[in-house]
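J.: Please work out how this folds:
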Amino acid sequence: VHLYDEESRSYFEVSDDEFEAPTLGIESPLAQWLVRENHVLYLMPNAPLPIDLQPERARVAALNTPVFVPLRSRDQLSGWLSIGHKLSGSVYQSDDLSFLAAFGNQTAVAIENARLFENVRRHLGAITNMKNLMDNVFASIPSGVITTDISDRITLFNRAAEAILGISAESIVGLPFNRLQPISQALDALVHRVLDQQIMLAEEVVSELPGRGAVSLQMRATPLRDNQNATLGVAIVVDDLTAQRRLEAVREMFKRYLSPAIVDSLPSDPAQL
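T.: Residues are numbered from 1 along each chain as shown. The predicted structure is shown next:
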């Protein structure tokens, strides 16, 4: 697998084996061919290399893979799959190439979704500002992540969402998100606004959760799209701000009786208050 890296503007290999494939720039003949033609490239045995790929003969030979399956993401080439020779030694047939093209489309969707979640993760870190430095937002901040399909059915419900809402993933995945009581009404309005406007939106709600009482929840939702920019559903990030809001209330109360210096010295962690 070769994937595009925006920083270096090149396609690099993603692999666990010891073979190191060459990194190809965005202007490389192979990348440009896949962008322009947008279909599976099959270099048949003993057939001459396409003229457009002649300048890159050495690198293509180093890859030692006769099949290249483009991975299209929206309006750009996000990478490609390099497929080796058949173990049987036989050539690829048209049915094989059709299957690989379909597989490449599904792979491109998966990669696009993964990058979308990465963008959500970065945006979450900027908004919450819970830590200045973090290697993994989902590991350091207990944020619930919920995704829905276009039919409003829940397709993902992570452990943090289970802990925050007190609902098991097993009991809710596959069901309409309006079953997420008691936040279903606020969530329904937020999700449909996101689908109507096709932008990321955020909202903070106060709800009564069984066993916890009143909690403050911040919900951010953004459309999930495939490589053709078609909406697949919605991704929702839920943060529990209950302790933070209580700490803010305590600070406001202390401001009435204590000097600013003492108020500023209060711990930022509610558990240490």
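
J.: and the closest residue to I111 other than its chain neighbours, what does it touch?
T.: Sequence neighbours aside, S78 is the residue nearest to I111 in space, at 5.8 Å (criterion: Cβ to Cβ, 6 or more residues apart in numbering). Quick note: C-beta positions are derived from backbone N, CA and C, even for glycine. Each residue near S78 by Cβ atoms under 8 Å, 6 or more residues apart in numbering is listed here: L3, Y4, L71, R72, A108, I111, E112, N227.

J.: Check the residues you listed against I172 and report the nearest one.
T.: E112 (25.1 Å; Cβ to Cβ).

J.: That closest one: how many residues sit nearby?
T.: Look at E112: counted by other Cβ atoms under 10 Å, it has 22 neighbours.

J.: secondary structure class for it?
T.: helix (DSSP: H, G, I helix; E, B strand; the rest coil).

J.: if we can go back for a sec, now, among the contacts of S78, which is nearest to L100?
T.: Checking those one by one against L100 (Cβ to Cβ), the nearest turns out to be L71, at 11.4 Å.

J.: how about the helices in this protein?
T.: Listed in chain order, the helices of the chain (DSSP state H) span 29-37, 57-63, 94-128, 137-140, 159-165, 169-172, 184-197, 242-255, 260-264.

J.: State the pLDDT value of the residue nearest to I111.
T.: With respect to pLDDT, S78 scores 86.

J.: From S168, how far out is it?
T.: Look at S78 and S168: by Cβ to Cβ, to the nearest Å, they are 35 Å apart.

J.: which stretches of the stretch 1-150 of the chain have low pLDDT?
T.: 16-21, 125-142 (pLDDT under 70).

J.: Pull the number of nearby residues for V91.
T.: When neighbours are counted by other Cβ under 10 Å, V91 comes out with 12.

J.: That one touches P45, doesn't it?
T.: Yes. Using Cβ atoms under 8 Å, V91 is in contact with P45, at 6.5 Å.

J.: angle of the lengthiest strand in the chain against helix 184-197?
T.: Determined from DSSP state E, the single longest strand within the chain is strand 213-225. Relative orientation of strand 213-225 versus helix 184-197 (axes from the mean of the first three to the mean of the last three Cα atoms, to 10 degrees): 20 degrees.

J.: chain center to strand 213-225: distance?
T.: Relative to the centre of its chain, strand 213-225 is centred 17 Å away, using Cα atoms, centre = their mean, to the nearest Å.

J.: Show me what it is packed against.
T.: helix 94-128, helix 184-197, strand 201-209, strand 231-240, helix 242-255 (3 or more Cβ pairs under 8 Å, 6 or more residues apart in numbering; DSSP states H and E).

J.: okay, now R220: neighbour count?
T.: Neighbours of R220 using other Cβ under 10 Å come to 22.

J.: Ok, A101 next?
T.: Neighbours of A101 (other Cβ under 10 Å): 13.

J.: from memory it sits against L41, does it?
T.: No. Between A101 and L41 there is no contact, the gap being 10.8 Å when judged by Cβ under 8 Å.

J.: quick one on the thing from earlier: how close does the residue nearest to I111 sit to P260?
T.: 52 Å.

J.: so L63 touches I83, yeah?
T.: No. Judged on Cβ under 8 Å, L63 makes no contact with I83 at a distance of 10.3 Å.

J.: Where does pLDDT dip in the stretch 151-273 of the chain?
T.: 270-271, 273.

J.: Could you point out which of the contacts of S78 is nearest to I236?
T.: E112 (18.0 Å).

J.: what's the spacing between that closest one and H39?
T.: With Cβ to Cβ as the criterion, E112 and H39 are 19 Å apart.
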